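*Asks:* Would you be able to build a 3D model of this:
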Amino acid sequence: MIVHAYANYLYRQHFSVMYICCVQKITPQQAFIKLAKYCAYQERCHDEVRKKLAEYWVWGDDAQEIMAKLIEQNYLNEERFAVAYAGGKFRTKKWGRLRIVRELKQRHISEYCIKKALLELDDATYIQTLHELAEAKYNSIKGVYDFIKKQKTARYLIDKGYENDLVWDTLKNFN
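*Replies:* Below is the predicted model:
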């Protein structure tokens, strides 16, 4: 019955059913070693590590000890994660600040860490990226009226997480 309840929990957490068959219970010491490698590979947030602990069937005090040890040994740092996440998503996917904030909040990152991450985004680069995205999208829309092109471009940029006022200020200059 416990395995069935755990399988339902994992399924709700978007794990595939095939993966559930491979879940094995390991000792807290083994879990710490695996999680240290997991965190060393790339920056992780606390939520990701908690989910990994659940996969390894490590709960309660053991899980708290492992989390504390990872933080103490600097494998796990939420501020560092937030800065890396924000910078990476801005550079690779060209996300705006609003989208980055929304995604960080989904990962239960503190307001302080989110503010630190947003400070790392350079304003000049941010505006330049917005202009480049707007121009590319505006020019890619063919055969419609100017106001419809602006509206479609604005919707695209707002969906990417850019602020309304910045988007419309940018689009004022387009003909």
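*Asks:* SS state for residue 168?
*Replies:* Recorded secondary structure, residue 168: helix (DSSP: H, G, I helix; E, B strand; the rest coil).
*Asks:* Roughly how far does the closest residue in space to it that isn't next to it in sequence sit from residue 91?
*Replies:* In space, and not counting its chain neighbours, residue 168 is closest to residue 154: 6.5 Å by Cβ to Cβ, 6 or more residues apart in numbering. All C-beta atoms are positioned from the backbone trio N, CA, C, and that covers glycine. Applying Cβ to Cβ, to the nearest Å, the value for residue 154 to residue 91 is 23 Å.
*Asks:* Okay, and the residue most central in space within the chain sits in which element?
*Replies:* The chain has residue 103 as the residue nearest its centroid, 4.8 Å off, counting by Cα atoms, centre = their mean. Per DSSP states H and E, residue 103 falls inside helix 97-106.
*Asks:* Also residue 90?
*Replies:* helix 78-93.
*Asks:* next one: residue 136
*Replies:* helix 123-140.
*Asks:* Now whatever helix or strand comes next after that helix: buried residues?
*Replies:* Reading on from helix 123-140 to the C-terminus, the next helix or strand found by DSSP H and E is helix 146-159. For helix 146-159, a neighbour-count test (16 or more other Cβ atoms under 10 Å) marks 149-150, 153-154, 156-158 as buried.
*Asks:* lowest-pLDDT helix or strand in this structure?
*Replies:* In the chain, no helix or strand scores lower on mean pLDDT, DSSP states H and E than helix 17-20, which sits at a mean of 46.
*Asks:* So, low pLDDT: which residues of this protein?
*Replies:* 1-24, 175 (pLDDT under 70).
*Asks:* same thing but 50
*Replies:* Scanning the chain for pLDDT under 50 picks out 1, 15-21.
*Asks:* How is the protein divided into domains?
*Replies:* 2-72, 78-119, 123-171 (automatic domain parsing).
*Asks:* tell me the most buried of those domains?
*Replies:* Of all the domains of the chain, domain 78-119 has the most neighbours on average by mean count of other Cβ atoms under 10 Å, namely a mean of 17.
*Asks:* Straight-line length of that domain, end to end?
*Replies:* 15 Å (Cα to Cα, to the nearest Å).
*Asks:* And for stretch 48-64?
*Replies:* Using Cα to Cα, the end-to-end distance of stretch 48-64 comes out at 14 Å.
*Asks:* isn't residue 66 right next to residue 28, touching?
*Replies:* Yes - counting by Cβ atoms under 8 Å, residue 66 touches residue 28, with 6.2 Å between them.
*Asks:* With only the CA atoms kept, save stretch 158-165 in PDB.
*Replies:* Extracted in PDB, the C-alpha atoms of stretch 158-165 (Å, rounded to 0.1, in the frame of the first residue of the first chain):
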ATOM      1  CA  ILE A 158       4.500  40.200 -23.200                       C
ATOM      2  CA  ASP A 159       4.300  36.400 -23.300                       C
ATOM      3  CA  LYS A 160       8.100  36.200 -23.200                       C
ATOM      4  CA  GLY A 161       7.900  38.200 -19.900                       C
ATOM      5  CA  TYR A 162       8.700  41.800 -20.900                       C
ATOM      6  CA  GLU A 163       6.900  44.600 -19.200                       C
ATOM      7  CA  ASN A 164       3.900  46.200 -20.900                       C
ATOM      8  CA  ASP A 165       5.200  49.800 -20.800                       C
END
